[in-house]
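S.K.: this is the structure alone, sequence omitted:
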């Protein structure tokens, strides 16, 4: 366990029912709350995170580590692994969808893209948001349940962290957001260049025709 001075606590600063505001954070919570195995633990997990029980949180590629303060003096240690998006076909599908609908990194991180795309990204067939079976969890608490309240509190805490740093979502899923849209932007630029070239060529042809008619050549 890290020294206390190195802890990165998660704090809920609002008293409203919704603890997050950004699209990525809300989508993360929406994804969690759709799974049956999580349902009976969700209220306790939300309460824990609201009370500031998640005293440390780290997000890495495919892994989440947290310390959650429970009834004992020493916090429980939680480790969650998420199976990677290792299917090339699935990654390509996500990339194609984003390239066609998102024009900049700013739009991507702020969730400023069409509602239809938001629905697509939450579709379980894409796998952008982890499926229930893709969570591999462990907690040092004595609770026998697969999803204990400390794990759920950690997963809610992830949403709060995503509210501040949306890029962490892509790090967690092992994806580079820049490459997801860079190719699409480049292709759009190429299309514009081609269109301009076609217009210029058309003008040249018209100008040549005017000269031919004028000089009868």
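M.R.: It's in. Small disclaimer: the values here were computed from a predicted structure and weren't measured.
S.K.: now do the same contact list for the nearest residue to residue 22 once chain neighbours are set aside.
M.R.: Excluding the flanking residues, the one nearest residue 22 by Cβ to Cβ, 6 or more residues apart in numbering is residue 163, at 5.0 Å. (C-beta placed from N, C-alpha, C; glycine too.) For residue 163, the contacting residues are 20-22, 24-25, by Cβ atoms under 8 Å, 6 or more residues apart in numbering.
S.K.: what about residue 80, how many neighbours?
M.R.: By the criterion of other Cβ atoms under 10 Å, residue 80 has 21 neighbours.
S.K.: for the helix or strand that contains it, packing partners?
M.R.: Assigned by DSSP states H and E, residue 80 belongs to strand 76-82. Here strand 76-82 touches strand 63-68, strand 135-139, helix 149-164, going by 3 or more Cβ pairs under 8 Å, 6 or more residues apart in numbering; DSSP states H and E.
S.K.: contacts for it?
M.R.: 1, 62-70, 130, 134-141, 150-151, 154-155, 172-173.
S.K.: any idea how many residues pack against residue 13?
M.R.: The local packing of residue 13 (other Cβ under 10 Å) involves 6 other residues.
S.K.: can you confirm it is in a strand?
M.R.: No: assessed with DSSP: H, G, I helix; E, B strand; the rest coil, residue 13 is coil; it does not lie in a strand.
S.K.: Throw the helices and strands packed on strand 76-82 into JSON lines and include distance to residue 13 and mean pLDDT, thanks.
M.R.: Putting the helices and strands packed on strand 76-82 into JSON lines (distance: least, Cβ to Cβ, whole Å; pLDDT from 0 to 100) gives the following:
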{"stretch": "strand 63-68", "distance to residue 13": "19", "mean pLDDT": "98"}
{"stretch": "strand 135-139", "distance to residue 13": "26", "mean pLDDT": "95"}
{"stretch": "helix 149-164", "distance to residue 13": "9", "mean pLDDT": "95"}
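S.K.: most packed of the ones you listed?
M.R.: Of all these, helix 149-164 has the most neighbours on average by mean count of other Cβ atoms under 10 Å, namely a mean of 24.
S.K.: I'd like the next helix or strand past that helix.
M.R.: Following helix 149-164 in sequence, per DSSP H and E, is helix 167-172.
S.K.: need the contact partners of that next one.
M.R.: 24, 28, 59-64, 82, 109, 158, 161-162, 176-177, 180.
S.K.: and the helices in the protein?
M.R.: 23-32, 36-39, 42-50, 88-101, 105-110, 115-122, 149-164, 167-172, 177-215 (DSSP state H).
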